[in-house]
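A.B. asks: Have a look at this fold, sequence not included:
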Ligand code: GLC
């Protein structure tokens, strides 16, 4: 069995972290399968996939294709038109690569690859879209997806919430929710930590300081501003230091904070010495373990929210912005706390509550770990995917070979 995964970015955003776990889980669950990964950009995901035994092909996007925005802003169509010639060339090249790889099924991750995959796939090769974000609010993306939708047999969605959004555009498509999962041995309460103060170029925080972090890409809707405002609202006697961990990783322009902008905001809010910027740190489990409180602060509905389950799996107290698919991941006051999206005052009071109450942090952390073990264990992914590929591709070789294997 040969599956080709197509992913636009080589960097480790949420969708790539999700893909990494899928590749790892399939490698263990289906050791005979041949897995290919085609990337539109080189980056840390390439060696990680190679180490997992995946055959990686980096076929870089042209700058015009890489920078093509998709947030529905004005000018997107113009950029699309400008990128058309190189996109056309890319599709031809991708089609050639896919003919050589001869996959039994193509699994695409990320909008650009959903489209490119639909246009470049060899006829008869089933295509499964793995949709990680809301589509209906993004005008250009949803129009283009609709134009290409006939090439796709099924869509995996990362939450029920994203599924109902997609269903409004594709009423007849097979849409299957599959929650992301993580390697619970890597993401565990015990293991190495990182000196976050050092990574941020700050003096060591005094003993007893509670470390609160926002971990993620610099997409504007991830709520960095809310986090900074929430920290600024804390009473001076709450011994907290905040950390912004991550960076502007995507090629898409205009939709991300720059580090300079965030530093400026922190200065304006008088947070000097109370906040550190570490940049992107690759060892996410160690990052989680180095924090006492993990904050998720997205201001728009979060399709899933990898950091939520990563923090829970590492036994940390997590504060979640309660909207979108993120609400499907936890039970408020049991395995995490919540606040309303964009409400920095509520976030302040949840951080203060946790900072003052180590017992509460511990209880939430233990319950969070238990939830992760029950619901987000990557070892279950491969079985769920096999079932899904079967549904998506009822007439292809995946079906016959898997049925034969299951009969044995
Ligand atoms: C996207 C979504 C995020 C999700 C990730 C993995 O990045 O925006 O919510 O956690 O994909 O599915």
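C.D. replies: Structure's in. What do you need? Here the structure is a predicted model, which is why all the values come from computation and not from measurement.
A.B. asks: low-confidence ranges in the stretch 51-200 of the chain?
C.D. replies: Along the stretch 51-200 of the chain, segments meeting pLDDT under 70 span 69-75.
A.B. asks: Span of stretch 147-162 from start to end?
C.D. replies: The first residue of stretch 147-162 is 20 Å away from its last residue (Cα to Cα, to the nearest Å).
A.B. asks: Report whether that stretch contacts the ligand.
C.D. replies: Yes. Residues of stretch 147-162 are located near the ligand by Cβ under 6 Å from any ligand atom, namely residue 158. Every C-beta, even on glycine, is put in place using the N, C-alpha and C of the backbone.
A.B. asks: Surely residue 386 touches residue 29?
C.D. replies: Yes. Residue 386 is in contact with residue 29 according to Cβ atoms under 8 Å; the separation is 7.4 Å.
A.B. asks: Now for residue 299, how many residues are close by?
C.D. replies: 17 (other Cβ atoms under 10 Å).
A.B. asks: Is it in a helix, a strand, or coil?
C.D. replies: In three-state terms, and counting by DSSP: H, G, I helix; E, B strand; the rest coil, residue 299 is coil.
A.B. asks: Contacts only, for it.
C.D. replies: Residues near residue 299 by Cβ atoms under 8 Å, 6 or more residues apart in numbering: 221-223, 226, 321, 341-342.
A.B. asks: and the lengthiest helix in the chain, which residues are buried?
C.D. replies: Criterion DSSP state H: the longest helix present in the chain is helix 76-101. By neighbour count on 16 or more other Cβ atoms under 10 Å, the buried set for helix 76-101 is 76, 79-80, 83, 86-87, 90-91, 94, 97-98, 101.
A.B. asks: elements contacting it?
C.D. replies: Secondary-structure packing of helix 76-101 (3 or more Cβ pairs under 8 Å, 6 or more residues apart in numbering; DSSP states H and E): strand 2-7, strand 34-39, helix 63-66, helix 111-120, helix 139-148.
A.B. asks: one step back: so which of the contacts of residue 299 are also by the ligand?
C.D. replies: Contacts with the ligand are made by none of the contacts of residue 299, judged by Cβ under 6 Å from any ligand atom.
A.B. asks: Please indicate which of the residues you listed has the highest neighbour count?
C.D. replies: residue 321 (29 neighbours).
A.B. asks: For that one, give me the pLDDT.
C.D. replies: The per-residue pLDDT reported for residue 321 equals 98.
A.B. asks: How about residue 282?
C.D. replies: Residue 282 carries a pLDDT value of 89.
A.B. asks: can I assume it is in contact with residue 12?
C.D. replies: Yes. Using Cβ under 8 Å, residue 282 makes contact with residue 12 at a distance of 7.1 Å.
A.B. asks: Quick check: neighbours shared by the two?
C.D. replies: residue 44.
A.B. asks: Kindly indicate whether the residue nearest to residue 225 when sequence neighbours are not counted is helix, strand or coil.
C.D. replies: Counting by Cβ to Cβ, 6 or more residues apart in numbering, residue 265 is the residue found nearest to residue 225 once chain neighbours are left out, at 6.2 Å. On the three-state scheme (three-state DSSP), residue 265 is labelled helix.
A.B. asks: isn't residue 265 right up against residue 227?
C.D. replies: No. Using Cβ under 8 Å, residue 265 makes no contact with residue 227, being 10.0 Å away.
A.B. asks: of the two, who's got more company?
C.D. replies: A count of neighbours by other Cβ under 10 Å puts residue 227 above the other of residue 265 and residue 227, at 27 against 17.
A.B. asks: Would you tell me what the next helix or strand after the helix or strand the more buried one falls within is?
C.D. replies: For residue 227, the host element (DSSP states H and E) is helix 224-232. Per DSSP H and E, the first helix or strand lying C-terminal to helix 224-232 is strand 240-245.
A.B. asks: per-residue confidence averaged over that following strand?
C.D. replies: Mean per-residue pLDDT for strand 240-245: 98.
A.B. asks: what packs against it?
C.D. replies: helix 196-199, strand 210-215, helix 224-232, strand 275-279.
A.B. asks: Minimum distance to residue 301: which of these has it?
C.D. replies: Taking Cβ to Cβ, helix 224-232 is the member of the helices and strands packed on strand 240-245 nearest to residue 301, at 14.4 Å.
A.B. asks: ok and that closest one relative to strand 210-215, angle-wise?
C.D. replies: Using axes from the mean of the first three to the mean of the last three Cα atoms, to 10 degrees, the direction of helix 224-232 lies 170 degrees away from that of strand 210-215.
A.B. asks: Tell me which other helices or strands helix 224-232 touches.
C.D. replies: strand 210-215, strand 240-245, helix 259-268, helix 344-356.
A.B. asks: Pipe the ones you listed into a markdown table and attach distance to the ligand per row.
C.D. replies: Formatted as a markdown table, those follow (distance: least, Cβ to the nearest ligand atom, whole Å):
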| stretch | distance to the ligand |
| --- | --- |
| strand 210-215 | 12 |
| strand 240-245 | 16 |
| helix 259-268 | 19 |
| helix 344-356 | 18 |
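A.B. asks: Serialize the contacts of residue 299 to a markdown table and add fields for distance to residue 127 and secondary structure.
C.D. replies: Output for those, formatted as a markdown table (distance: Cβ to Cβ, whole Å; DSSP: H, G, I helix; E, B strand; the rest coil):
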| residue | distance to residue 127 | secondary structure |
| --- | --- | --- |
| 221 | 28 | helix |
| 222 | 30 | helix |
| 223 | 34 | coil |
| 226 | 38 | helix |
| 321 | 33 | strand |
| 341 | 33 | coil |
| 342 | 37 | coil |
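A.B. asks: Mind picking the two most distant members of these?
C.D. replies: Greatest spacing in the contacts of residue 299, by Cβ to Cβ: 222 and 342 (11.8 Å).
A.B. asks: sorry, back to before: go through the helices and strands packed on strand 240-245 and name the closest to residue 305.
C.D. replies: Of all the helices and strands packed on strand 240-245, it is strand 210-215 that lies closest to residue 305, at 10.7 Å by Cβ to Cβ.
A.B. asks: counting contacts, what elements does that closest one pack onto?
C.D. replies: Where contact means 3+ Cβ pairs under 8 Å, 6+ apart, strand 210-215 is packed against helix 224-232, strand 240-245, helix 284-290, strand 293-295, helix 344-356.
A.B. asks: Thanks a lot, see you next time.
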